[in-house]
Every structure is written in structure tokens, then in C-alpha cells.
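Asks: Provided below are the primary sequence and the corresponding predicted coordinates.
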Amino acid sequence: MADGIKILLSDGDKVFLELSKTYLRKTGASVLTCQNGKEAYDIIQSKRPHLVIMSAEMRIMNGLDCCRMVKMDESLQVIPILLTLASGKSENIEKCQQTGCDDVLLKPINQHTFFSVIKKYINLNKRTAPRFAACIPVSWASSDGSSHSGYTVDISTNGMFLQTDETVPVESIVCIDFTLPVSNFEIKCKARVSWVNRRESSIKPTFPSGIGLEFIDLNELSHGYFCKYIKKVHVEPILQRIY
């Protein structure tokens, strides 16, 4: 299990940070974040994370300089550092490799690649949050601004499967808006499309056409209301039947 493992994410791109945190939320790892190389170096010195995933291109201090400093320090150099790049040009990759980094990841990074590279350096197991059947109306918008609607088939604290006739490619980022039953609390957040179920090519034949979504930027207040909803509507009735 990943309990006790600390991972540092350092990137000036807030969307990438939130997406990576979403990936790692299921693992039980403790995730530290910052947005520049100076902060990253301070955290590496004080917290000694088990893995660092850091952008090569950041303000104040870039990831290249931070990585060099870490790898020159005998007490820190054993910490694996993965540098991320927005461009796959050979000269950029070579600059990363010259810092002594352990691996280079090219953006955008899909979930499969993300975990396959990470598992080369730490023992990280994904844990899936339990899903519960639910039918909640959801409004969603794709990156081109077009608006759509649908209904949840199931939900968890990490995401939902959304029944909808309109689909978008895997890894797309969409904006979703829905109101929780009981509390009537409105949730607005971004989500990543993790899988797509189409009538003509069903991954899950028992599911309707739609998209599997992973929450990206669900804030603490919304997450709290969401957990309360799942506990009240889905978990407590199960416990009452058992006991």
C-alpha cells in the first residue's frame, strides 16, 4: 500500500497539479505541492519525499536547476526526480537528462503513463473509492464551450459515470454543474474524461452511452458536502440493513 509515501508535485500549471492530485488521491499517498523550484528544493530538504514530479519550466527557479541541486547533495540525491516537459524536442529532453533526473515525462500525461512511470521508482497501488448507484441531473460543458446535459449512473468521492448522448475524447477536461440531493448544495468543478462508453463500441455493455469522469478541482467545501451526501444517502442505509 502507499500509506506513508510522500510525493511532491511542483509545477506552475495549476491544472496539471490538480489533475495529478486527482490521479494520486486513490493511492493513499500524501501529496505535497508547490509552484516553483525554490519552494520544491525547500520541501525536498525538510520533508524528504519518496518521489518528486517537477516541471522543468517554472518561474523563480526552474526544475532543471532544482534537480541539479538535489542530485549534487549526497543526502538527497537518492530521491527519484521525474521532470516534466511541455515540448518533446530532443534538445529539451537532453537538458533534463543532463541534470541527473531519473526520468522525463512529456505533457499531456495520461493516467496509464503516469502510473507506469511512477511504479518504476515507488510501490504505489491505486485504491478505488466505492461507487454508488445514483441518478442526478448534471449540466456539463466541453472545452469548445458547447453545453450538454445528462444523468449520473454511479458516483464516488473521486468522480462519476455520466449518461449522455454527447461524448468527448478521453483526457478531455469538462466543466460540470450539479446539485446534491438532500442538502441542495450546488457543485461546480472541472473533471477529466477517464473513459468513454459508446453504443457502437461499448467497454461496459451494461452501461448506457456516456463518459466516466474524475473530479479535478473539487474544493474542500464541495468535497465535504459530497462526502456527507454519500454517507447520508448511500452508506448509512447499508449499515442500517446490516445491523
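Replies: Everything's here; your move. Owing to the predicted nature of the structure, the values given are computational and were not obtained by experimental measurement.
Asks: CA atoms for contacts and neighbours, from now on please.
Replies: Noted.
Asks: per the annotation, how does this protein divide into domains?
Replies: Domain ranges of the chain: 6-118, 132-242, per automatic domain parsing.
Asks: quick one, which of those domains is nearest to Leu124?
Replies: With C-alpha to C-alpha, the closest approach to Leu124 among the domains of the chain belongs to domain 6-118: 6.7 Å.
Asks: pLDDT on the closest one, on average?
Replies: The average pLDDT within domain 6-118 is 90.
Asks: end-to-end on that domain?
Replies: In domain 6-118, first residue to last residue: 12 Å (C-alpha to C-alpha, to the nearest Å).
Asks: same deal with stretch 124-139?
Replies: So stretch 124-139: terminal residues 34 Å apart, C-alpha to C-alpha.
Asks: and the domains of the chain as a markdown table, adding distance to Leu124 and mean neighbour count?
Replies: Below are the domains of the chain laid out as a markdown table (distance: least, C-alpha to C-alpha, whole Å; neighbours: other C-alpha atoms under 10 Å):
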| stretch | distance to Leu124 | mean neighbour count |
| --- | --- | --- |
| domain 6-118 | 7 | 18 |
| domain 132-242 | 18 | 16 |
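Asks: who does the lengthiest strand in the chain pair up with?
Replies: In the chain, taking DSSP state E as the definition, the longest strand is strand 186-197. Using DSSP bridges, the strands paired with strand 186-197 in its sheet are strand 173-179 (antiparallel), strand 210-215 (antiparallel).
Asks: now those in CSV, please, with extra columns for mean pLDDT.
Replies: Output for the strands paired with strand 186-197, formatted as CSV (pLDDT from 0 to 100):
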stretch, mean pLDDT
strand 173-179, 95
strand 210-215, 90
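Asks: right, so of those strands, which gets closest to Thr113?
Replies: Closest among the strands paired with strand 186-197, using C-alpha to C-alpha: strand 210-215, at 16.5 Å.
Asks: so which elements touch the following helix or strand past the closest one?
Replies: Remark: after strand 210-215, the chain's next helix or strand is helix 220-230, criterion DSSP states H and E. Contacts defined by 3 or more C-alpha pairs under 8 Å, 6 or more residues apart in numbering; DSSP states H and E place helix 220-230 against no helix or strand at all.
Asks: just the CA trace of the strand or helix carrying Gln97, in PDB.
Replies: Using DSSP H and E, Gln97 sits in helix 90-98. What follows is helix 90-98, C-alpha atoms only, in PDB (Å, rounded to 0.1, in the frame of the first residue of the first chain):
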ATOM      1  CA  SER A  90      15.400  16.300 -28.300                       C
ATOM      2  CA  GLU A  91      17.400  19.300 -27.000                       C
ATOM      3  CA  ASN A  92      14.900  19.800 -24.200                       C
ATOM      4  CA  ILE A  93      14.900  16.200 -23.200                       C
ATOM      5  CA  GLU A  94      18.800  16.200 -23.300                       C
ATOM      6  CA  LYS A  95      18.800  19.200 -21.000                       C
ATOM      7  CA  CYS A  96      16.700  17.300 -18.500                       C
ATOM      8  CA  GLN A  97      18.800  14.200 -18.700                       C
ATOM      9  CA  GLN A  98      22.000  16.300 -18.000                       C
END
